[in-house]
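Trainee: From the sequence below, what's the structure:
(one chain, ligands or ions: 1)
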Amino acid sequence: MVAESPPSKNGVAGTAGAIKALLNLSLRVYGSSDLDSLMSHILSELSRLMDVEGISILLPDHPRETLGIVWAKYPENVSPRIMKEIRVPLEGSIAGAAFKTGKPLLVPDVLQDGRHFPGVDQAIGFVTRSLLAIAMVLEDGAVGVLECVNKRHGQFQAADVELGKSLAAILALAIQRASLIESLEKTNVDLQALLDLHTGQVDRVRDERDRLLGEAESHRAFEPIVGSSPAVLSLLQRAQHALHSDITVLIQGETGTGKELLAQCLYQGGPRRTGPFMVENCATIAPGLFASELFGHVKGAFSGAINDHKGLIERAHGGTLFLDEIGDLPVEIQTGLLRALEDGYVRPVGSKEKVRSDFRLICATHKDLEKEMEAGRFRSDLYYRISVFVIHMPPLRERKEDIPRLVSVFLKEFGQTYGKTIPGLDPPVLQCLLDYPFPGNVRELRNEIESAVAVAEDGRPICLHHLSPRLRSKQCFSDPTHPQPLKAQVETLEKTLIAQALKFCGGNQTKAAKMLGLSRYGLAKKIKRYGLGGSF
Ligand SMILES: Nc1ncnc2c1ncn2[C@@H]1O[C@H](COP(=O)(O)OP(=O)(O)OP(=O)(O)O)[C@@H](O)[C@H]1O
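Mentor: Numbering: from 1, shown residues only. This next block holds a predicted model:
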């Protein structure tokens, strides 16, 4: 049987004590983020305030078919674990009816009420006599039920209902707040995980990008150095280690192998690229001028010193000093250079003051500096100071596979210089280049291609007669390592002899024909056949 809530008689709920208790609970709800300990405290307070044997909060399960007893304050002999396992049906229970209607239900005699669900009492060994079920309602509807069981003294009154409604409202807010905090915390965890993942990905992408950029940058730094032979690749690999540091580098190699070119690449790709790049070839400085060239001088330091002069070391401040042919530096100058390297100061000739210079040194030599040291021409302390990182430039004869690529780069370069389009080399020309030892290395090859382009006909390939006699004299038509059909060799020889004769006769075909014992017409035919119509 369900009774309408009677008006307050005993005035328990209306007392100043109850209001104070309500206020305290509200404050507690907003001051706590731990819902379980908050509920345990609130239910203890409520069971005292409402003067009941048992009190519980039921929340709907998903999907909303049953109610679970989530928090409860019952006599000590009731097992909280068993209580938590109980499911109260929404249909066929007083709590379910309160939840669905959103209205408080006061049941003075539970056994007389057909909706009573006996499962709870059976499970926990308890007897429910009277019951007050109040839905905890928010704007969107009921979020749960507050259930007070067995009024200890007398019956539930209307005042209990009013107090229960106020409590249920506070509890509904507490639950809403807690679930909001929980979902915010979960979102926060999810977001953090997402952020970590994203940050990890961003870091990985950035690392990869830096690695690729680093590689690309190194690659770009050495772009002017043409060659893909194993010798060049291993020199570039080594040079790459010196690219991003200030380390002193000693480049060793024969003349024309590209020592200065490598020094330029190290400077331009290195950390001091915005500073100056001072270059000096020690083999070309007059003996008396070394000190002044390197360290500078002050006005009046010697006859002819009409002005102050900044030396190379001072001018290289913040940048790089490249000393080519360092092996030719006089011993007395070596001491000053060593001091500048170690102290970071130079003293200009005739000056009492030292000048500071912070520079990176790159040296090159074709000499064997260890031998120079043994012979007493090179200071050992300077040698050890500059040979921290040595790079060897391989001679061209040890990397002939680079010749075709070098030739094509130079053909393009000089084609632009001379305003011509040179499609390539006649096959014997390449063979000739490959057979030649190139004592002057890449510089000699470069010069050879430049002079060939200069005399070649626009749009026609470079022929043997465009090459210098030095190269052609080395040509071996019957080289057993490169056997060719006799006809081809004879033709190559014929072509070369005609080209030489034309060149000798300044392009005069009548004279050349006479020289070769050919008719003017016969020579013209051969010139046409061999494409020798260019300027001689
Ligand atoms: N691998 C290369 N790719 C392209 N050009 C090169 C290469 N090596 C050298 N050269 C070119 O050859 C010429 C000579 O090079 P460089 O002056 O650097 O040689 P070097 O070893 O310093 O000579 P030296 O000892 O006589 O001073 C330059 O024009 C340079 O650009």
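Trainee: For the stretch 151-300 of the chain, give me the ranges with low pLDDT.
Mentor: Within the stretch 151-300 of the chain, the ranges that satisfy pLDDT under 70 run 206, 209-218.
Trainee: Closest residue of it to the ligand?
Mentor: Nearest residue of the stretch 151-300 of the chain to the ligand: G258, at 2.6 Å (CB to the nearest ligand atom). No exception for glycine: its C-beta is placed from N, CA and C like everyone else's.
Trainee: In contact with that residue, which residues are there?
Mentor: By CB atoms under 8 Å, 6 or more residues apart in numbering, the contact set of G258 is I225, M393, N441, V442.
Trainee: Would you double-check that the first one falls in a helix?
Mentor: Spelled out, that is I225. No. Using DSSP: H, G, I helix; E, B strand; the rest coil, the assignment for I225 is coil, not a helix.
Trainee: I'd like the distance between E374 and Q252.
Mentor: Computed as CB to CB, to the nearest Å, the E374 to Q252 distance reads 16 Å.
Trainee: more crowded one of those two?
Mentor: Q252 (19 against 11; other CB atoms under 10 Å).
Trainee: partner residues bridging that one?
Mentor: Residues in a beta bridge with Q252, per DSSP bridges, are T365, H392.
Trainee: residues in this structure within reach of the ligand, list them.
Mentor: Within the chain, the residues that sit near the ligand (CB under 6 Å from any ligand atom) are 225-227, 253, 255-261, 324, 364, 366, 406, 442-443, 446.
Trainee: SS state for V137?
Mentor: strand.
Trainee: can you pull the contacts of it?
Mentor: Contacts of V137 by CB under 8 Å, 6+ apart are G102, V143, A168, A169, A172.
Trainee: pLDDT weak spots in this structure?
Mentor: 1-19, 26-33, 206, 209-218, 474-485, 534-536.
Trainee: what's the longest helix in it?
Mentor: Counting residues, the longest helix in the chain under DSSP state H turns out to be helix 158-221.
Trainee: now the residues of the chain next to the ligand: which count as buried?
Mentor: Buried members of the residues of the chain next to the ligand, scored by 16 or more other CB atoms under 10 Å, are 225-227, 253, 256-261, 324, 364, 366, 406, 442-443, 446.
Trainee: quick one on the thing from earlier: quick one: which of the contacts of V137 has the most company?
Mentor: Neighbour max across those (other CB under 10 Å) = A168, 23 neighbours.
Trainee: can you pull out the strands in the stretch 301-450 of the chain?
Mentor: Under the criterion DSSP state E, counting those that start in this stretch, the stretch 301-450 of the chain contains strands at 309-310, 320-324, 345-346, 355-356, 360-365, 389-392.
Trainee: Out of those, the one nearest M50 is which?
Mentor: strand 360-365 (86.8 Å; CB to CB).
Trainee: what's the angle from that closest one to strand 320-324?
Mentor: If you take axes from the mean of the first three to the mean of the last three CA atoms, to 10 degrees, strand 360-365 sits at 10 degrees to strand 320-324.
Trainee: quick one: strand 360-365 to chain centroid distance?
Mentor: Relative to its chain's centre, strand 360-365 lies at 31 Å (CA atoms, centre = their mean, to the nearest Å).
Trainee: Could you list every helix and strand that that strand packs against?
Mentor: strand 249-252, helix 259-269, strand 320-324 (3 or more CB pairs under 8 Å, 6 or more residues apart in numbering; DSSP states H and E).
Trainee: Would you convert those into JSON lines that also reports distance to A158?
Mentor: Listed next are those as JSON lines, based on distance: least, CB to CB, whole Å:
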{"stretch": "strand 249-252", "distance to A158": "98"}
{"stretch": "helix 259-269", "distance to A158": "90"}
{"stretch": "strand 320-324", "distance to A158": "97"}
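Trainee: for those, which one sits closest to I94?
Mentor: Of these, nearest to I94 by CB to CB is helix 259-269, at 84.6 Å.
Trainee: From the ligand, how far off is the nearest residue to K103 once chain neighbours are set aside?
Mentor: Setting aside the residues directly before and after it, K103 is nearest to A135 in space (CB to CB, 6 or more residues apart in numbering), at 6.7 Å. Here A135 is placed at a distance of 88 Å from the ligand (CB to the nearest ligand atom, to the nearest Å).
Trainee: dump the residue contacts of A135.
Mentor: Contacts of A135 by CB under 8 Å, 6+ apart are A98, F99, T101, G102, K103, P104, A142, G144, V145, A168.
Trainee: out of those residues, which are inside helices?
Mentor: Reading helices off those with DSSP H, I get A98, F99, T101, A168.
Trainee: before we move on, back to that, and the longest helix of the chain, what does it pack against?
Mentor: Counting contacts by 3+ CB pairs under 8 Å, 6+ apart, helix 158-221 packs against helix 16-31, helix 35-50, strand 52-60, strand 131-138, strand 141-151, helix 230-243, helix 259-269.
Trainee: try 7 Å this time
Mentor: helix 16-31, helix 35-50, strand 131-138, strand 141-151, helix 230-243, helix 259-269 (3 or more CB pairs under 7 Å, 6 or more residues apart in numbering; DSSP states H and E).
Trainee: quick one: I449 and K412 touch, right?
Mentor: No. Using CB atoms under 7 Å, I449 makes no contact with K412, being 10.0 Å away.
Trainee: Please say which of the two ends up with more neighbours.
Mentor: Each of I449 and K412 has its neighbours counted (other CB under 10 Å); I449 has more, 26 against 13.
Trainee: What sits closest to the more buried one if chain neighbours are left out?
Mentor: F410 (4.0 Å).
Trainee: so who does the one you found touch?
Mentor: Going by CB atoms under 7 Å, 6 or more residues apart in numbering, F410 touches R446, I449, E450.
Trainee: Over to S47?
Mentor: Here S47 is in contact with I55, K73 (CB under 7 Å, 6+ apart).
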